[in-house]
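**Student:** predicted model and sequence below, questions to follow.
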Amino acid sequence: MDIVDPARRSRMMAGIRSKDTRPEMTVRSAAHALGYRFRIHRADLPGRPDLVFPGRRMVIFVHGCYWHRHEGCPYATTPKSNTEFWLEKFEKNVARDRKAMSELVELGWDPLVIWECETRDAKVLKERIASHLGPTRG
């Protein structure tokens, strides 16, 4: 049983942003500090990647552990109420992510997923970004 009424739950869920989230802003800040320049949320690419590095043909997705089901992560919990609905929703999210990744690869792009929980350690985050993108140009 949910601890809040359906109307309040609906308002709460509607308030969850899909762009410019704190983890995404952390990744953008780290990439910029490392000297990388990028575009954001290119709608013409599958999955609408969070960061796009056109000259490198690389993209970064910043996935929330809960919504995108980071395997083995303590933040990827499943609600105790309306479980069937949530499991189906999460399954669709993961399938959509998988499809976007394979389409990007087919188009010649190199995708990277950074999980929300991985944004907590700035040093590790910067190393992960630099490892994927290679040396900065300039």
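**Tutor:** Everything's here; your move.
**Student:** hey, where'd the strands end up in this protein?
**Tutor:** 39-40, 51-53, 58-63, 110-115 (DSSP state E).
**Student:** was I right to think residue 62 contacts residue 125?
**Tutor:** No. In this structure, residue 62 is not within contact of residue 125 by Cβ atoms under 8 Å, at 10.3 Å. Where you see a C-beta, it was placed from the backbone N, CA and C, and this is true even at glycine.
**Student:** what sits in contact with each of these two?
**Tutor:** Common neighbours of residue 62 and residue 125, using Cβ atoms under 8 Å, 6 or more residues apart in numbering, are 27, 114, 119.
**Student:** I'd like the strands of the chain as a markdown table, with mean pLDDT, distance to residue 33 and mean neighbour count appended.
**Tutor:** Putting the strands of the chain into a markdown table (pLDDT from 0 to 100; distance: least, Cβ to Cβ, whole Å; neighbours: other Cβ atoms under 10 Å) gives the following:
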| stretch | mean pLDDT | distance to residue 33 | mean neighbour count |
| --- | --- | --- | --- |
| strand 39-40 | 96 | 16 | 12 |
| strand 51-53 | 98 | 13 | 21 |
| strand 58-63 | 98 | 14 | 23 |
| strand 110-115 | 98 | 15 | 18 |
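**Student:** residue 8 is nearest to which of the ones you listed?
**Tutor:** strand 58-63 (26.6 Å; Cβ to Cβ).
**Student:** between that closest one and strand 110-115, how big is the angle?
**Tutor:** 20 degrees (axes from the mean of the first three to the mean of the last three Cα atoms, to 10 degrees).
**Student:** hmm, who's touching strand 58-63?
**Tutor:** Contacts of strand 58-63 (Cβ under 8 Å, 6+ apart): 21, 23-24, 27, 31, 45, 47, 49-53, 70, 97, 104, 109-116, 119, 129, 132-133.
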